[in-house]
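Enquirer: Kindly return the folded structure for what I paste below:
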Amino acid sequence: MKIIILWSSLSEYMISNIHDLDISGHEVHCLHLSQDKNYPLDAKLLLTTNTVTFQNVEKCNVEEILTIINNYNPEICIIGGWNIKKYKKAVKNLKTLRVLAMDNPWQNRPRQWLGIIFRKQLIKPYFDVAFVPGSKQEKFAQKLGFKKSAIYRNLFSIDKVIYANLPQLQELSSRSFLYVGRLIPEKGFDILLKAYKKYSDSVENPWGLNIVGTGPLMNASQSKTTVKYLGFLGHSDLVKLYRNSNCLLLPSRREPWGIVMQEAASQGLPMIATKIVGAVGDLLVDQYNGTVISKCSIKKLQKSLTDMHKLTVEQRTKFRLASLALSKKYETHTFAERVEEMAKRNLASNG
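Expert: This is a model prediction of the structure:
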């Protein structure tokens with residue numbers, strides 16, 4: 001099957017999905033915009049093969065993109081989001097199955113209500129089905145007018161090879177919190193540093209804090225010797241860190257999904273995250289495999305860090321097993337399997 005993907009800037013998880021399609025026997029042509037500087041990407045990951053090609057269309061206009069699509073003659077077209085105007089214009093009259101890949105969770109915001117009110121103009125002419133990661137995103141897709149039968153889950157798949165082996169659940173000799181993401185206020189990183197300082201000043205033998213990522217807050221004041229900045233890590237190194245950590249922290253002010261929660265859950269990590277994170281409810285359930293805090297605040301996060309620190313070995317093991325259990329539903333269907341399911345249903349409905 002020939003698949004064309006219209007994406008913004010690429011990430012390792014999306015490239016992993018493309019390779020999942022490749023090893024499943026499909027041809028993929030990925031059109032993308034220029035890379036986000038906050039997400040450094042190894043150029044080797046974009047090497048083309050006989051069945052997978054990448055093309056930067058940042059400077060292409062609508063007509064040029066449409067020509068590329070028509071020349072490729074795909075059976076499925078997957079579009080990342082509904083805000084890139086030239087992608088929408090290019091696919092408006094396309095006869096191929098048009099898949100809207102969206103990670104926006106339903107949050108009852110004014111802008112989302114505008115999307116619902118004007119869905120006949122903004123959504124219906126451009127997309128046939130929706131591809132979402134979890135339940136909050138599915139709820140929004142339904143409000144945008146997609147029938148439940150036209151909504152597919154498991155948009156985000158983690159690398160099956162790297163994350164395949166389950167971790168050993170023995171108690172670690174040293175204990176540490178882990179943060180993975182951009183070092184920016186939107187991710188709550190400024191609050192995290194302040195909350196961690198208060199936590200570490202108030203307990204004996206505080207857990208360490210390992211920080212993976214880059215961003216403008218990289219040089220934020222932090223004199224604690226228990227804090228380690230590790231910069232950007234590839235998945236092969238990151239999975240080792242997940243297996244040697246005790247709790248993932250995601251205190252975001254905005255987070256449509258949170259792919260790091262999917263990765264961490266697959267390795268049995270308890271988690272602390274804000275309610276706003278899109279994967280909360282699917283991959284983190286309060287007091288089942290971690291703690292959900294109502295908002296990004298120093299006081300609430302400090303308390304959650306302290307509460308996690310005070311858990312017994314048995315309680316932490318329960319949380320770890322619960323994370324593994326929640327992650328299983330995201331192993332059932334891979335990205336490629338969902339795309340194949342869309343194609344089969346589309347063929348059956350048109351046959």
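Enquirer: pLDDT weak spots in the stretch 1-150 of the chain?
Expert: 37-44 (pLDDT under 70).
Enquirer: quick one: the helices in the stretch 251-351 of the chain?
Expert: With DSSP state H, counting those that start in this stretch, the ranges of helices along the stretch 251-351 of the chain come out as 259-266, 298-310, 313-327, 335-350.
Enquirer: List the buried residues for the last one?
Expert: Of the residues in helix 335-350, those buried by neighbour count under the rule 16 or more other Cβ atoms under 10 Å are 335-336, 338-340, 342-343, 346. Placement of C-beta: from N, CA and C, glycine included.
Enquirer: CA atoms only: put it into PDB for me.
Expert: Extracted C-alpha coordinates of helix 335-350, given in PDB (Å, rounded to 0.1, in the frame of the first residue of the first chain):
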ATOM      1  CA  PHE A 335       0.500   2.600  14.100                       C
ATOM      2  CA  ALA A 336       0.800   0.400  11.000                       C
ATOM      3  CA  GLU A 337      -2.000  -1.900  12.100                       C
ATOM      4  CA  ARG A 338      -4.300   1.000  12.600                       C
ATOM      5  CA  VAL A 339      -3.500   2.400   9.200                       C
ATOM      6  CA  GLU A 340      -4.100  -1.000   7.600                       C
ATOM      7  CA  GLU A 341      -7.500  -1.200   9.500                       C
ATOM      8  CA  MET A 342      -8.500   2.200   8.000                       C
ATOM      9  CA  ALA A 343      -7.600   1.000   4.500                       C
ATOM     10  CA  LYS A 344      -9.600  -2.200   4.800                       C
ATOM     11  CA  ARG A 345     -12.700  -0.400   6.200                       C
ATOM     12  CA  ASN A 346     -12.500   2.200   3.500                       C
ATOM     13  CA  LEU A 347     -12.200  -0.400   0.800                       C
ATOM     14  CA  ALA A 348     -15.100  -2.300   2.200                       C
ATOM     15  CA  SER A 349     -17.300   0.800   2.400                       C
ATOM     16  CA  ASN A 350     -16.400   1.700  -1.200                       C
END
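Enquirer: What lies in contact with it?
Expert: Residues outside helix 335-350 that contact it (Cβ atoms under 8 Å, 6 or more residues apart in numbering): 1, 3, 17, 20-21, 23-24, 26, 75-76, 78, 97, 99, 128-129, 131, 152-157, 333.
Enquirer: Pull out the buried members of the residues you listed.
Expert: Buried subset of the contacts of helix 335-350 (neighbour count, 16+ other Cβ under 10 Å): 3, 17, 20-21, 26, 75-76, 78, 97, 99, 128-129, 131, 152-157.
Enquirer: Among the residues you listed, which lie within strands?
Expert: Residues of the buried ones among the contacts of helix 335-350 located in strands (DSSP state E): 3, 76, 78, 97, 99, 129, 131, 152.
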